[in-house]
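[1] my questions concern the predicted model and sequence given below.
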Amino acid sequence: MWTFYLRKGVKWVDDKGKPTEYEVTADDFYEGFRYVADPKNGIKNFGSIRSLLVGLADYYKGLQDVDSGKDKNRTRQQVLDTFKTVGIRVIDKYTIEYTTAKPTPWFLTYLTMDLFFPVEKAFMDKVGAENFGTAKDKLIFSGCYYISDWQRDKLIVLKRNENYWDKKNVFIKEITMQKVSDPAIALQMFQRGELSSAGLNADQVKGLQNTKWKDYIYMTDRSSVTFWWALNFQSKNPEFAAFVKNLNFRKALYYGIDHVKLLSLDDPLSPQNLLRTTIIPEEVIFDEKGKDYTDYPGLKEFKNAGNTYNPKLATEYFMKAVAELTDGKGNIKGVAAQAVDLKPVAQFNIDGKLPLQILIIHSTSSSDTKFALLMQAMFKDVFGPENVEVVLGQYVDDQYDEVIAPQKFDMAYDSFRFAYGDPLAQLGRLVTGGAVNDGGWSDPEFDALVAEADKKIKLSDRYAIFAKAEAMILDRVYIIPFRCGGSAYAIGNVVPYTYPRSGFGVTRFKYKGMKLESKPLLASRVEEIRRQFYADLEKLQGK
């Protein structure tokens, strides 16, 4: 049971920063969660907390059963009335209580997720649930900033909430977040003083080496976000569908990708610093003795694997797969010549023979296109054009909607955030039918290990089983992690480590405490600040 006591007298403010008639109370947290727990509202990541609180899973399923017509004995309102059985309770106006279904030492990390944000129901009813949150005047705010301007796909302006209880520690009075899609334009705007920071790609880093800006380029910290390749076990390309279920083929892919070479497109100086070969990030979660989860037996070997590129081994595994999946004459067993229509992403013909055609998806950005072209050339070099032919497909706007959901890919990569402080945050979403199991693979042994680990309360017992599960799916190559988030080149006036930096939830969008200087920070100064920050952190941790 977790009990929270709210600060009294905090008013919601409108998009002009003016206090409203509404006070932030425990009921706002209760109503916000009630909204999240209703399936008709379509909260995408609700599955990550579905079993967290007492009674929550049953309540949610009860509404699903009524909505689908499966339960004809109750009305929807009758099920809604049972929300009082869920483990969230208003004790009084300023006290909210959560009861977890089982002991959950990492519960506080869940509260960084937007699923737990408060909602003033009276205001939502006033503007209409269908309009709530769709414009600045359809929102009210309780934090240190409020949205004063919002132009879709262009900019968002945040202004300091002058009624915020701790405004003395909110140093920047106005923040303008502009959408600048072209990195070249972003750098030019920064150099003109129109932006306070800019990310840099590989070409820009090289281009600035002989200019006055060279000494201002620094590397951001690694983040808890992980990039991995998804292999589509539900592929609509019969050739790839025949091969992907073969472990030798997947091992060939594992050893056939030179990730350091690919990552050099983003970091031409130290691409190996971007490597991450585990699903769960390192230096983020620790057991009761302070041991890093990624240092558990079995998983540690993958963590320390480095670049797994080995063309000789890749070829050996591929030829084993060919021996198992073809008739010895280059004909793929059970696959006939046909058209593969995955428009608008891709369209091509297969003949059911080697070379195996693999559809790799990328966006329209120049960096993503270079990445895909390098993969295409790499597979040609490693496996030979007589064995593998990479077909490139392209999406325009949203990878999930255009590619992943309709299964229009063979291989695709994406980044995945780490929502809360437990391995279940990722591994629980990779089980059969899981939210980020984009390739649609299924392994009952993995599912069972995840379920077994989730029953454990002691962190070391829990982590040992989760590490075994993660190592197993890495060894079986259902997905291929290859990169961390962050660790990118940047230049700017923002002082690092002055604002929240948690790897969980939506903390990355918090700006309280942020400081800004009038001139760009030298890279040497950023490194000095970094060293001091980590030294102070170690003192706090008692190291």
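    Yes, it's here.

[2] what sits against residue 87?
    Counting by CB atoms under 8 Å, 6 or more residues apart in numbering, residue 87 touches 53, 54, 55, 56, 98, 99, 100, 101. C-beta coordinates here come from the backbone N, C-alpha and C atoms, glycine included.

[3] in this structure, which residue sits furthest out from the middle?
    residue 329 (43.4 Å; CA atoms, centre = their mean).

[4] next, that one: phi, psi?
    phi -120, psi 10 (degrees, to the nearest 10).

[5] distance of it relative to residue 354?
    From residue 329 across to residue 354, the span is 9 Å (CB to CB, to the nearest Å).

[6] just checking: what are the partner strands of the host helix or strand of residue 348?
    Per DSSP states H and E: residue 348 is located in strand 346-350. Taking DSSP bridges as the criterion, strand 346-350 sits next to strand 338-342 (antiparallel) in its sheet.

[7] filter the contacts of residue 87 down to the buried ones.
    53, 54, 55, 56, 98, 99, 100 (16 or more other CB atoms under 10 Å).

[8] kindly check the end-to-end length of stretch 83-103 for me.
    Terminal residues of stretch 83-103 lie 21 Å apart, using CA to CA, to the nearest Å.

[9] again with stretch 172-185
    Stretch 172-185 end-to-end distance (CA to CA) = 24 Å.

[10] pLDDT of it, averaged?
    Mean pLDDT, stretch 172-185: 93.

[11] repeat that for stretch 57-70.
    96.

[12] now do the buried residues in that stretch.
    57, 59, 60, 62, 63, 66.

[13] quick one: contacts of the strand with the most length in the chain?
    Ranked by residue count and defined by DSSP state E, the top strand of the chain is strand 222-231. With contacts defined as CB under 8 Å, 6+ apart, strand 222-231 is touched by 244, 250, 253, 257, 273, 276, 278-281, 284, 404, 409-418, 426, 438-439, 441, 477-487, 503-504, 508.

[14] just the buried ones from these?
    For the contacts of strand 222-231, buried by 16+ other CB under 10 Å: 244, 250, 253, 257, 276, 278-281, 284, 404, 409-414, 416-418, 426, 438-439, 441, 477-487, 503-504, 508.

[15] looking at the contacts of strand 222-231, which are in helices?
    244, 250, 253, 426 (DSSP state H).

[16] so among these, where is pLDDT lowest?
    residue 426 (94).

[17] ok, the closest residue to that residue other than its chain neighbours - contacts?
    Excluding its sequence neighbours, the residue lying closest to residue 426 (CB to CB, 6 or more residues apart in numbering) is residue 279, at 5.3 Å. Residues in contact with residue 279, defined by CB under 8 Å, 6+ apart, are 226, 228, 426, 427, 430, 470, 473, 474, 479, 481.

[18] from residue 32, how far off is the residue lying closest to residue 367 once chain neighbours are set aside?
    With CB to CB, 6+ apart as the criterion, residue 367 has its nearest non-adjacent residue at 6.0 Å, and that residue is residue 201. Look at residue 201 and residue 32: by CB to CB, they are 39 Å apart.

[19] likewise residue 47?
    Counting by CB to CB, the gap from residue 47 to residue 32 is 18 Å.

[20] quick one, which of the two is more surrounded?
    residue 32 (20 against 14; other CB atoms under 10 Å).

[21] ok, the more buried one to residue 112 distance?
    In terms of CB to CB, residue 32 sits 15 Å off from residue 112.

[22] residue 81 now?
    31 Å.

[23] looking at these two, which is more packed in?
    More crowded of residue 81 and residue 112, by other CB under 10 Å: residue 112, with 20 against 11.

[24] SS state for residue 122?
    Secondary structure, DSSP: H, G, I helix; E, B strand; the rest coil: residue 122 is helix.

[25] show me where the stretch 1-150 of the chain has helices.
    Assigned by DSSP state H, counting those that start in this stretch, the stretch 1-150 of the chain shows helices spanning 26-36, 56-68, 76-80, 107-110, 121-127.

[26] before we move on, back to that, show the model's pLDDT score for the residue nearest to residue 426.
    Predicted confidence (pLDDT) for residue 279: 96.

[27] begin at 31, not 1, for the rest of this chat.
    From this message on, residue numbering opens at 31, which makes the last subject residue 309.

[28] what's the closest residue to residue 172 other than its chain neighbours sitting at in phi/psi?
    Closest residue to residue 172 apart from its sequence neighbours, by CB to CB, 6+ apart: residue 54 at 4.9 Å. With angles defined as degrees, to the nearest 10, residue 54 sits at phi -70, psi 120.

[29] hang on, the earlier thing: just the closest of the contacts of residue 309 to residue 417, please.
    residue 509 (23.0 Å; CB to CB).

[30] what sits against that closest one?
    258, 259, 260, 261, 309, 460, 469, 503.

[31] what's the burial count for the second one?
    For residue 259, the count of nearby residues is 22 (other CB under 10 Å).

[32] quick one, grab the pLDDT at the residue lying closest to it once chain neighbours are set aside.
    Using CB to CB, 6+ apart and skipping the chain neighbours, the partner closest in space to residue 259 is residue 510 (4.1 Å). pLDDT recorded at residue 510 is 98.

[33] gap between residue 510 and residue 305?
    Residue 510 is 12 Å from residue 305, by CB to CB.

[34] quick one on the thing from earlier: what would the contacts of residue 509 look like in CSV with distance to residue 330?
    What follows is the contacts of residue 509, written out as CSV (distance: CB to CB, whole Å):
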residue, distance to residue 330
258, 18
259, 22
260, 24
261, 24
309, 14
460, 20
469, 25
503, 16
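
[35] between those, which sits nearest residue 186?
    residue 258 (29.8 Å).

[36] distance check, that closest one against residue 420.
    From residue 258 to residue 420 the distance is 19 Å (CB to CB).

[37] how is this structure carved up into domains?
    Here the domain parsing of the chain from automatic domain parsing is 55-141, 211-250+518-570, 257-450+503-514.

[38] returning to that earlier point: which one, of the helices of the stretch 31-180 of the chain, ends up nearest to residue 242?
    helix 137-140 (42.5 Å).

[39] ok now that closest one, how far from the chain's centre?
    Centre-to-centre, helix 137-140 and its host chain are 17 Å apart (CA atoms, centre = their mean, to the nearest Å).

[40] can you tell me what sits against that helix?
    32, 79, 82, 128, 130, 134, 146, 450-452, 532, 534-535.

[41] then stretch 344-361?
    Residues contacting stretch 344-361 (CB under 8 Å, 6+ apart): 272-273, 276, 278-279, 281-286, 362-363, 382-384, 412-413, 417-418.

[42] redo that, cut-off 7 Å
    272-273, 276, 278-279, 281-282, 285-286, 362-363, 382-384, 412-413, 417 (CB atoms under 7 Å, 6 or more residues apart in numbering).

[43] and if you look at stretch 161-180?
    40, 42-45, 47, 50, 52, 54, 148, 150, 153-154, 157, 185-191, 194, 197, 200, 205, 541-542.

[44] do the same with stretch 40-53
    39, 54, 150, 152-153, 166-167, 169-172, 176-178, 189, 191-193, 195.

[45] please repeat the previous calculation with a cut-off of 10 Å.
    Contacts to stretch 40-53, defined as CB atoms under 10 Å, 6 or more residues apart in numbering, come from residues 36, 38-39, 54-55, 58, 123-124, 148, 150-153, 156, 165-173, 175-180, 187, 189-195.
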